[in-house]
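let's see this in three dimensions:
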Amino acid sequence: MRRGALVLLAAALVAPGRPGPPVVDLAHATWTRNGIAPASAPVVGEAPAPATVELVFDATGVRWACEFPTDEARMRRLSLAWRGAPDGVLFELVLDGARLSPPRDGWRPSPRELHSDLGAVWLGRGAHLLEFVAREKPPDGKGALRLAALELGEP
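Next up, the predicted model:
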């Protein structure tokens, strides 16, 4: 997989003087589709809303993936900021080869950003592979998912 310039960013301040947990900026990650870099980068939405990347799923099993680094090994509680695109998709997440259950239902698009608690996981030091896999073929052959960020919070 091609390595991108994916950077861990500081989250918004939780309280004055106290930084929030690290956040993986998925909107500006380097993505692969079924293991190959796509001919064109996924669409990225910008201001005034948080930046998002739109991943298109046109068949069952389509797999979008990116990598992100961690500086230290520790338990983290993952939270995904996302929203279903107009055509929606049923998707599951895979982190370093392990499925994060259950699949997420993005069939009912929402104008607001959603946050899904993905649970606590052990993240070793170094690169981690994050994958989004379509579990159903959209009826019209087009489905999509809009991603903003993956928060690496305290367990």
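
number of nearby residues for E131?
The tally of other residues near E131 (other CB atoms under 10 Å) stands at 18. C-beta: built from backbone N, CA, C; applies to glycine.

V24 too?
The local packing of V24 (other CB under 10 Å) involves 25 other residues.

touching, it and L152? I think so.
Yes - counting by CB atoms under 8 Å, V24 touches L152, with 6.9 Å between them.

and the next element down the chain from the helix or strand harbouring W64?
Assigned by DSSP states H and E, W64 belongs to strand 63-70. Next along the chain after strand 63-70, taking DSSP H and E as the criterion, comes strand 74-84.

sheet partners, orientation included, of that next one?
Using DSSP bridges, the strands paired with strand 74-84 are strand 114-123 (antiparallel), strand 143-153 (antiparallel).

nearest to P38, out of those?
strand 143-153 (13.5 Å; CB to CB).

can you give me the buried ones in that closest one?
G143, A144, L145, R146, L147, A148, A149, L150, E151, L152 (16 or more other CB atoms under 10 Å).

output stretch 39-46 as PDB, restricted to C-alpha atoms.
C-alpha atoms of stretch 39-46 as PDB (Å, rounded to 0.1, in the frame of the first residue of the first chain):
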ATOM      1  CA  ALA A  39      -7.100   6.900 -10.900                       C
ATOM      2  CA  SER A  40      -8.500   9.900  -9.200                       C
ATOM      3  CA  ALA A  41      -8.600  10.800  -5.500                       C
ATOM      4  CA  PRO A  42     -11.900  10.400  -3.700                       C
ATOM      5  CA  VAL A  43     -13.900  13.700  -3.400                       C
ATOM      6  CA  VAL A  44     -13.000  15.800  -0.400                       C
ATOM      7  CA  GLY A  45     -15.600  18.200   0.900                       C
ATOM      8  CA  GLU A  46     -14.300  21.300   2.600                       C
END
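
mean confidence for that stretch?
Mean per-residue pLDDT for stretch 39-46: 80.

can I get stretch 125-144 as CSV, trimmed to CA atoms?
Presented in CSV, the C-alpha positions along stretch 125-144 are these (Å, rounded to 0.1, in the frame of the first residue of the first chain):
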residue,chain,number,x,y,z
ARG,A,125,3.5,1.5,17.7
GLY,A,126,3.8,2.1,14.0
ALA,A,127,1.5,1.9,11.0
HIS,A,128,-2.0,0.6,11.1
LEU,A,129,-4.2,-0.5,8.2
LEU,A,130,-7.9,0.8,8.3
GLU,A,131,-10.3,-0.7,5.8
PHE,A,132,-13.9,0.1,4.9
VAL,A,133,-15.7,-2.9,3.2
ALA,A,134,-19.1,-2.8,1.4
ARG,A,135,-21.3,-5.6,2.7
GLU,A,136,-24.2,-5.2,0.3
LYS,A,137,-24.5,-4.1,-3.3
PRO,A,138,-26.5,-0.9,-3.5
PRO,A,139,-29.7,-1.4,-5.5
ASP,A,140,-28.7,1.2,-8.2
GLY,A,141,-25.0,0.1,-8.2
LYS,A,142,-23.9,3.2,-6.5
GLY,A,143,-23.3,3.6,-2.8
ALA,A,144,-21.1,6.0,-0.9
